[in-house]
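Engineer: Take a look and give me a structure for this.
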Amino acid sequence: MDIGKLGMFANLKEKMDWLTQRQEVIAQNIANSDTPNYRANDLKEFDPKTIGRDRQFILAMQATAPGHSQGLHKPQNFKDEEVRKNYEVAPGKNAVILEEQMVKMNENQVDYQTMTRLYTKHKSMMISALGRA
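Structural biologist: Residues are numbered from 1 along each chain as shown. Purely as a prediction, here's the structure:
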């Protein structure tokens, strides 16, 4: 039995996938904080009602030479969107506010830790319910 297909575990996994991708977007914003004309991006808000839709494994990588493995890739359906409320723009027209990005990064980290704790608790409850503890 794959516990990842159970409702609660699927929800937790999807949220953790969203948080992982959001961390990448935040890190990209911070890395481009000195790039002229760069605007900060963020993911659209996580919607638990859409969990499981269009999240199938597909071949996505290309082999650049014979013998290279193409592998499987899980498509990302969390589209990032440009943050429009730029109330602070640097002289180089850069609109990344480092303090705001650091707050988002901290919030993301706390949410991810919460999801991992919930995942662990639910797993131990399943093991206990099955009588294998």
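Engineer: all helices for this structure, in order.
Structural biologist: Secondary structure of the chain, counting by DSSP state H: helices at 7-31, 98-129.
Engineer: Would you mind giving those as a markdown table with distance to Asn41, mean pLDDT and mean neighbour count added?
Structural biologist: Every C-beta, even on glycine, is put in place using the N, C-alpha and C of the backbone. Listed next are the helices of the chain as a markdown table, based on distance: least, Cβ to Cβ, whole Å; pLDDT from 0 to 100; neighbours: other Cβ atoms under 10 Å:
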| stretch | distance to Asn41 | mean pLDDT | mean neighbour count |
| --- | --- | --- | --- |
| helix 7-31 | 5 | 90 | 17 |
| helix 98-129 | 10 | 93 | 13 |
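Engineer: mind putting the ones you listed in TSV, distance to Tyr38 included?
Structural biologist: Formatted as TSV, these follow (distance: least, Cβ to Cβ, whole Å):
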stretch	distance to Tyr38
helix 7-31	8
helix 98-129	12
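Engineer: Relative to Thr64, which of the ones you listed is closest?
Structural biologist: helix 7-31 (23.3 Å; Cβ to Cβ).
Engineer: list the helices and strands the closest one packs on?
Structural biologist: strand 41-43, helix 98-129 (3 or more Cβ pairs under 8 Å, 6 or more residues apart in numbering; DSSP states H and E).
Engineer: In a markdown table, list these along with distance to Gln28.
Structural biologist: Listed next are these as a markdown table, based on distance: least, Cβ to Cβ, whole Å:
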| stretch | distance to Gln28 |
| --- | --- |
| strand 41-43 | 7 |
| helix 98-129 | 10 |
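Engineer: closest one to Gln21 among those?
Structural biologist: Gln21 lies closest to strand 41-43 among the helices and strands packed on helix 7-31, at 6.3 Å (Cβ to Cβ).
Engineer: Within its sheet, name the partner strands of that closest one and how each one runs.
Structural biologist: The strands beside strand 41-43 in its sheet (DSSP bridges) come out as strand 80-82 (antiparallel).
Engineer: What's the mean pLDDT across the partner strand?
Structural biologist: Throughout strand 80-82, pLDDT has a mean value of 59.
Engineer: measure Gln113 to Leu19 for me?
Structural biologist: According to Cβ to Cβ, to the nearest Å, Gln113 and Leu19 sit 10 Å apart.
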